[in-house]
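In: sequence first, predicted model second:
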Amino acid sequence: MEALAVAAVAKKALSWVLDVIKAHSGLLSYVAAAFILWWLWSGKQDAIAERDAANAATTAAVAAHQKTKDDYRAAQAEAARLDAERIAREKARQQEINDAASKDYAQRLADVRARYQRLLGDAQTGNAAGSTTGNVTVPGLLSAPGGIDGAADLRLAGAAGLCLTPQERLIAAEQAVQLDALIDAVEKLAASQSSKPSP
């Protein structure tokens with residue numbers, strides 16, 4: 001019985017709704033149009049928000065990519081600057097070593113030449129005090145005027161055909177000094193390279 005009462009009330013309510021719809025059928029199209037407009041507008045707002053979010057993400061990605069490229073270029077420029085400084089320091093150190101070796105070589109060469117000139121002069125004048133070996137008799141050395149026979153330096157004197165001439169001895173001494181200077185320079189450059197910090 002209650003079910004019949006509920007059904008009757010529902011039938012009356014449905015009849016009333018249908019009567020209202022019939023009475024206001026012109027308004028129904030406006031309500032539907034308003035609902036559709038609201039639905040489209042809210043969809044457009046969502047689309048605009050999605051578009052703005054996508055644009056912001058794209059802008060951020062482009063900015064991050066550009067920053068990465070700028071950082072890479074800056075790192076390359078800094079590495080090139082540091083490398084140029086390292087090369088300049090290495091060139092300066094090598095030049096310093098070369099200059100010191102050249103100066104040392106020139107001084108040693110001048111010392112050798114002066115010593116040989118002195119010894120040669122002593123041998124030619126017969127000055128025994130100028131000899132570093134004292135009175136040394138060299139077999140086969142001809143006596144020359146001025147008394148060279150007992151005062152000749154072994155490094156300068158010798159029998160003809162058995163020893164180098166004084167000029168040849170000077171050349172040999174100069175070449176020995178040159179080789180010593182080259183060896184010293186190479187050893188200093190090698191020590192410089194081995195003491196250099198690794199990059």
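Out: Perfect, I can see it now.
In: rounded mean pLDDT for stretch 115-125, please.
Out: The pLDDT scores in stretch 115-125 average 80.
In: for stretch 5-18, same thing?
Out: Averaging pLDDT along stretch 5-18 gives 77.
In: in this protein, where is pLDDT below threshold?
Out: Counting by pLDDT under 70, the low-confidence segments of the chain come to 1, 20-29, 31, 126-163, 196-199.
In: show me which helix runs longest in it.
Out: The longest helix of the chain (DSSP state H) is helix 25-125.
In: buried residues, the helix or strand just after that helix. List them.
Out: The first helix or strand that comes after helix 25-125 along the chain, using DSSP states H and E, is helix 166-194. Applying a neighbour-count criterion of 16 or more other Cβ atoms under 10 Å, one finds 166, 169-170, 173-174, 177, 181, 184-185, 188 buried in helix 166-194. For every residue, glycine as well, the C-beta is placed using N, CA and C.
In: any idea how far the residue nearest the centre of the chain lies from Gln76?
Out: Centroid-nearest residue in the chain, with Cα atoms, centre = their mean: Asp83, separated by 3.1 Å. Asp83 sits 10 Å away from Gln76, going by Cβ to Cβ, to the nearest Å.
In: alpha carbons of the helix or strand hosting Ala13, as PDB, please.
Out: Assigned by DSSP H and E, Ala13 falls within helix 2-23. Taking Å, rounded to 0.1, in the frame of the first residue of the first chain, the C-alpha atoms of helix 2-23 are listed here in PDB:
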ATOM      1  CA  GLU A   2       2.800   2.300   0.800                       C
ATOM      2  CA  ALA A   3       4.400   1.500  -2.600                       C
ATOM      3  CA  LEU A   4       1.200   2.600  -4.300                       C
ATOM      4  CA  ALA A   5       1.300   5.800  -2.400                       C
ATOM      5  CA  VAL A   6       4.900   6.500  -3.300                       C
ATOM      6  CA  ALA A   7       4.100   5.600  -7.000                       C
ATOM      7  CA  ALA A   8       1.200   8.000  -6.900                       C
ATOM      8  CA  VAL A   9       3.400  10.800  -5.500                       C
ATOM      9  CA  ALA A  10       6.100  10.100  -8.100                       C
ATOM     10  CA  LYS A  11       3.500  10.200 -10.900                       C
ATOM     11  CA  LYS A  12       2.100  13.600  -9.600                       C
ATOM     12  CA  ALA A  13       5.600  15.000  -9.400                       C
ATOM     13  CA  LEU A  14       6.500  13.800 -12.900                       C
ATOM     14  CA  SER A  15       3.300  15.200 -14.300                       C
ATOM     15  CA  TRP A  16       4.100  18.500 -12.600                       C
ATOM     16  CA  VAL A  17       7.600  18.600 -14.000                       C
ATOM     17  CA  LEU A  18       6.300  17.800 -17.500                       C
ATOM     18  CA  ASP A  19       3.700  20.500 -17.200                       C
ATOM     19  CA  VAL A  20       6.400  23.000 -16.100                       C
ATOM     20  CA  ILE A  21       8.600  22.000 -19.100                       C
ATOM     21  CA  LYS A  22       5.700  22.400 -21.500                       C
ATOM     22  CA  ALA A  23       4.800  25.700 -20.000                       C
END
